[in-house]
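**Student:** Fold the following.
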Amino acid sequence: MYSKVQNSIIRNEIAKQILEVAHLKGKFKLRSGIESNEYFDKYQFESRPDLLNDIAVLMAKSLPADYDIYAALEMGGIPIATAIALKTGKPMVFVRKEAKEYGTAKLAEGVDVKGKKLLVVEDVVTSGGQIIKSVSALRDLGADIFHAVCVIDREQGGREALAKEGIQLVPLFTASDLKQANVTSDYDDEPGA
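**Tutor:** Down below sits the predicted model:
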């Protein structure tokens, strides 16, 4: 077991790594429709096994206590939830943006969600819009959902929008946390990718 100081050092190092590989500057349109001069490219931290493992270890330590199943949102939530499930041994469902029109025609693939407490897993949250849509559909299937976790909260209203729907957002990092990781002394002068 690590001390608080060691945990803080590890957490800061992971924040630095995420910022180094995933923080892009330029002009971007986000899924929410918001225009931004910065972007957190989730695929850059999800595609690196060592970093994804470190993220999962940290997230597994800070999950809400009462849930039965991870609800991994398509597509970015899937690698995160899979990595956490491998650490904790809890089952998961893969949640599509829309139910498919062929095969099983399911919205949530995997274990049955009816009557179960789900913990929504997402990668980056901006407005919370996709989580709200997915939670509504999962609740229609009989799931109980009160929490969502993510790697990065962009701090652009998602937490507040989710709270209005009875969902507490538990981010591993906020955008501010990552920027305070002090990757380089000239952080603000980094060129865009």
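
**Student:** Where does the prediction get shaky in the chain?
**Tutor:** Filtered on pLDDT under 70, the chain yields the residue ranges 1-3, 5, 182-193.

**Student:** please redo it, this time with the cut-off set to 50
**Tutor:** Along the chain, the parts satisfying pLDDT under 50 run over 183-193.

**Student:** Would you list the phi and psi of A105?
**Tutor:** phi 50, psi 40 (degrees, to the nearest 10).

**Student:** how about the nearest residue to it, chain neighbours excluded?
**Tutor:** Take A105 and drop its neighbours on the chain: the residue closest to it by Cβ to Cβ, 6 or more residues apart in numbering is A99, 5.6 Å away. C-beta here means a position set from N, CA and C on the backbone, and glycine is covered the same way.

**Student:** Okay, strands next: where are they in the protein?
**Tutor:** Applying DSSP state E to the chain gives strands spanning 23-29, 35-40, 69-73, 92-95, 108-110, 117-125, 144-153, 168-174.

**Student:** check contacts around the spatially closest residue to S32 that is not a sequence neighbour.
**Tutor:** In space, not counting the residues next to it along the chain, S32 is nearest to S127; the distance is 3.9 Å by Cβ to Cβ, 6+ apart. Going by Cβ atoms under 8 Å, 6 or more residues apart in numbering, S127 touches 32, 34, 156-158, 161.

**Student:** hmm, which of these are the buried ones?
**Tutor:** 32, 156, 158, 161 (16 or more other Cβ atoms under 10 Å).

**Student:** does the third one really touch V124, like I thought?
**Tutor:** Right, the one you point to is G158. No: under the criterion of Cβ atoms under 8 Å, G158 is not in contact with V124, lying 9.2 Å apart.

**Student:** end to end, how far does stretch 159-172 reach?
**Tutor:** End-to-end span of stretch 159-172 (Cα to Cα, to the nearest Å): 13 Å.

**Student:** which of the residues in that stretch are buried?
**Tutor:** For stretch 159-172, by 16+ other Cβ under 10 Å, it's 159, 161-162, 167, 169-172.

**Student:** Let me know the distance separating Q180 from Y102.
**Tutor:** Using Cβ to Cβ, to the nearest Å, Q180 is found at 47 Å from Y102.

**Student:** how many neighbours does G33 have?
**Tutor:** Per other Cβ atoms under 10 Å, the neighbour tally for G33 reads 9.

**Student:** And it, how far from A161?
**Tutor:** The value you get for G33 to A161, if Cβ to Cβ is used, is 14 Å.

**Student:** Same check on E74?
**Tutor:** 19 Å.

**Student:** same question, F173
**Tutor:** 19 Å.

**Student:** Could you find the closest non-adjacent residue to G76?
**Tutor:** Nearest non-adjacent residue to G76 (Cβ to Cβ, 6+ apart): D123, at 3.4 Å.
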